[in-house]
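*Asks:* Dropping a prediction and its sequence here:
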Amino acid sequence: MAMNFEISAAQTNRLFTHCLEQLEAHPRWVASPQLSHAQNMLMAYLRMDKIAEEEGFAALIAQGWGKTVLDGALAETLAQWGIDVLPHILRQAAVHYRELGEKIEAKAHATPDELREAFPQFAPLDEEYFIECEEIFPQVYTYVRAHYDDFAALLDFQAD
């Protein structure tokens, strides 16, 4: 993938920082019809990354993000962006979500450790993601920087 060197790392960093600030300020925000598919998918990835890396996939589901992150178009979109490992992990997590989602969502107030104990099916995926996430993020970053114009409107976006 060719890097768009006209877009600086600082500009790309500013975009990612703004997106993360929006997600932090609006923890229940899901998606916006004002955003393009690619923009919504970047926001979904950033939400997933924070929760899955720190708390695991069962916690992601317990917090209500299973449908958006695992049963949506995120895996396919990331594969189209050339991100190889994460779509595989998300597809496997989606299988568990479809089987166990209701049980996990019923434990919305459980701690991440309680969820890990109750749903050990996610342990290999949590471990794989934890190991791979440091390689995945630069791939997403590089894609966004190379296609900056597709994401630049996020700088003006304010989540509701």
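*Replies:* Nice, thanks for sending it over.

*Asks:* going forward, measure contacts between C-alpha atoms and count neighbours the same way
*Replies:* OK.

*Asks:* Kindly provide the distance from the most centrally placed residue in the chain to Cys19.
*Replies:* Geometric centre of the chain, nearest residue: Tyr45, 2.1 Å, by C-alpha atoms, centre = their mean. Per C-alpha to C-alpha, to the nearest Å, Tyr45 is found 11 Å from Cys19.

*Asks:* Kindly report the same for Pro124.
*Replies:* For Pro124 relative to Cys19 (C-alpha to C-alpha), the value is 29 Å.

*Asks:* okay, those two: which has more neighbours?
*Replies:* Cys19 (23 against 12; other C-alpha atoms under 10 Å).

*Asks:* Where does that one sit, in terms of helix or strand?
*Replies:* helix 9-25 (DSSP states H and E).

*Asks:* Convert that helix to CSV, retaining C-alpha atoms only.
*Replies:* What follows is helix 9-25, C-alpha atoms only, in CSV (Å, rounded to 0.1, in the frame of the first residue of the first chain):
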residue,chain,number,x,y,z
ALA,A,9,1.8,11.8,10.6
ALA,A,10,0.8,14.7,12.7
GLN,A,11,-2.4,15.2,10.7
THR,A,12,-3.2,11.5,10.9
ASN,A,13,-2.4,11.5,14.6
ARG,A,14,-4.8,14.4,15.1
LEU,A,15,-7.6,12.5,13.3
PHE,A,16,-7.1,9.4,15.5
THR,A,17,-7.0,11.5,18.6
HIS,A,18,-10.2,13.3,17.7
CYS,A,19,-11.9,10.0,17.0
LEU,A,20,-10.8,8.5,20.3
GLU,A,21,-11.9,11.7,22.2
GLN,A,22,-15.3,11.4,20.6
LEU,A,23,-15.6,7.7,21.6
GLU,A,24,-14.5,8.6,25.2
ALA,A,25,-17.0,11.5,25.5
